[in-house]
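quick one, structure for this:
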Amino acid sequence: MDSERLTMIDLFSGAGGLSEGLSEAGFHSLFASEIVPVYAQTYQKNHPNTKVVTADIRRLDAYEVRRSLGIDRGELDLIAGGPPCQGFSINAPIRTTLDERNHLFKEYLRFVDAFAPRAVLIENVPGLVSFEHGATLHAILDALAELGYGADVRILGAPYYGVPQMRWRTIILGVREKALPADAYPEPIYHAPIKANFTSTFEGQPLIQEPTPEANAKFVTVQEAIGDLPALKSGEQGEPVKQYRCDAFCEYQRRSRVGTVGVLNHEAPQLSAINLKRLEYIRPGGNWTDIPDALLPAGMKRARRSDHTKRYGRVQADGLASTILTKCDPHWGAFFHYEQDRSFTVREAARLQSFPDHFVFTGNLAEQYAQVGNAVPPLLAQAVGLSLRSVLEMEE
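Have a look, this model is predicted:
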């Protein structure tokens, strides 16, 4: 096997954040499956050498896919993906054929059986660990064991790997016909002020690995992530390809700019007049509690000041962004720029997710935000890919 060209396929691929990071770690995606056409379009645009199929995975013949790629069973290095898992447990609260979640993880397993890859990678939300009191996670690990994979689970904090936002992902890794080595998961390299607000143990074992004192690098800040992007006013569109505001002033920006022709997907959404008025009162690090009562939405007037602390939030330049969601809507979270009176652009959201600037998002504005918010941060995927690659190369 050419270790410089490890092969993989990506199921439930979305726009391709997982593949983008894994490609930086040395994995080449041969095939991707995604049901949403505009997501698949974005994936194909950014991974032109990958065979991308827009289809319901339940309609795909896994053995035919393998034959079409011209690879033998056991030859593929990795199957990666984010299949919905919450309906997989036999103890799931709704066990009917109408609950499509009961089937989708089985489709992932069907491809694992057909390809017998050397390794598997499954990403999901932290809540997977506690769902059904752990029964779903047990079922997943047991199913992988039945297919011959020694698997384990961790919850990784994205800021520990250089992603400038508060985000956690559950990562299940498995290797064929052996126990998963202890060093299969990447060591945290950045210190960051994040705390878990979810179940973080499984069978009595902690799932979160925090940085050691030797890992003395400080987290990447919001300003380091987006401070070189062009300034915009609310609603300003400008040219499709814009010039950078200044020279790159940190390593994160230099990495983001590699291979790009300029700044794309950087148009400011138009805020309503009332939101622009509210924004006048919100300081960096502040939120809806900075807004005079007369300007608050009716529902927020009845809220306790300790509730909804991210709503109408303006980020701090020297802090972490809150989790990037599928909308940068101020009513959802802290998505106001730290110094410009507007919400984040798609490119800024993508930077905070650690996408490189050459990665282009297709579709309308709402679809672009959704693609960014649903993605696995590429830097997190790269960290996992590098550690998994080391495990696979040890076997050679």
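
below-threshold pLDDT in the stretch 51-200 of the chain: ranges please.
Low-confidence regions of the stretch 51-200 of the chain, defined by pLDDT under 70, span residues 86-103.

would you map the helices across it?
Assigned by DSSP state H, counting those that start in this stretch, the stretch 51-200 of the chain shows helices spanning 62-69, 101-115, 135-146.

got the CA coordinates for the longest one in CSV?
It stands for helix 101-115. Taking C-alpha atoms only, helix 101-115 is exported to CSV below (Å, rounded to 0.1, in the frame of the first residue of the first chain):
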residue,chain,number,x,y,z
ARG,A,101,-33.3,6.4,11.9
ASN,A,102,-33.7,2.7,12.7
HIS,A,103,-32.3,1.9,9.3
LEU,A,104,-29.6,4.4,8.4
PHE,A,105,-26.8,3.2,10.7
LYS,A,106,-27.5,-0.3,9.4
GLU,A,107,-26.8,1.1,5.9
TYR,A,108,-23.4,2.2,7.1
LEU,A,109,-22.8,-1.3,8.5
ARG,A,110,-23.9,-2.8,5.2
PHE,A,111,-21.1,-0.9,3.4
VAL,A,112,-18.6,-1.9,6.1
ASP,A,113,-19.6,-5.6,5.5
ALA,A,114,-19.3,-5.2,1.7
PHE,A,115,-15.9,-3.4,1.7
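
which parts of it are buried?
Buried positions in helix 101-115, judged by neighbour count with 16 or more other CB atoms under 10 Å: N102, H103, L104, F105, E107, Y108, L109, R110, F111, V112, A114, F115. In this view, the C-beta of every residue, glycine as well, is placed from N, C-alpha and C.

can you pull out the strands in the chain?
When assigned using DSSP state E, the strands of the chain occupy the ranges 6-11, 27-34, 51-54, 78-81, 119-124, 149-157, 168-176, 190-191, 201-202, 205-206, 217-218.

OK, contacts around the closest residue to G21 other than its chain neighbours?
Using CB to CB, 6 or more residues apart in numbering and skipping the chain neighbours, the partner closest in space to G21 is A381 (2.6 Å). A381 makes contacts with G17, L18, S19, E20, G21, L22, A25, as judged by CB atoms under 8 Å, 6 or more residues apart in numbering.

most neighbours, which of the residues you listed?
Of all the contacts of A381, L18 has the most neighbours under the rule other CB atoms under 10 Å, reaching 32 neighbours.

isn't that one up against I122?
No - between L18 and I122 there is no contact, the gap being 10.3 Å when judged by CB atoms under 8 Å.

shared neighbours, the two?
Common neighbours of L18 and I122 are listed as A80, G81, G82 (criterion: CB under 8 Å, 6+ apart).

quick one: those residues as a markdown table, columns for neighbour count and distance to R73 too.
What follows is the shared contacts of L18 and I122, written out as a markdown table (neighbours: other CB atoms under 10 Å; distance: CB to CB, whole Å):
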| residue | neighbour count | distance to R73 |
| --- | --- | --- |
| A80 | 30 | 18 |
| G81 | 29 | 18 |
| G82 | 23 | 24 |
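
follow-up on the earlier one: out of the strands of the chain, the one nearest K301 is which?
In terms of CB to CB, the element of the strands of the chain nearest to K301 is strand 168-176, at 32.2 Å.

what about R304, how many neighbours?
Summarising burial for R304: neighbours were counted as other CB under 10 Å, giving 7.
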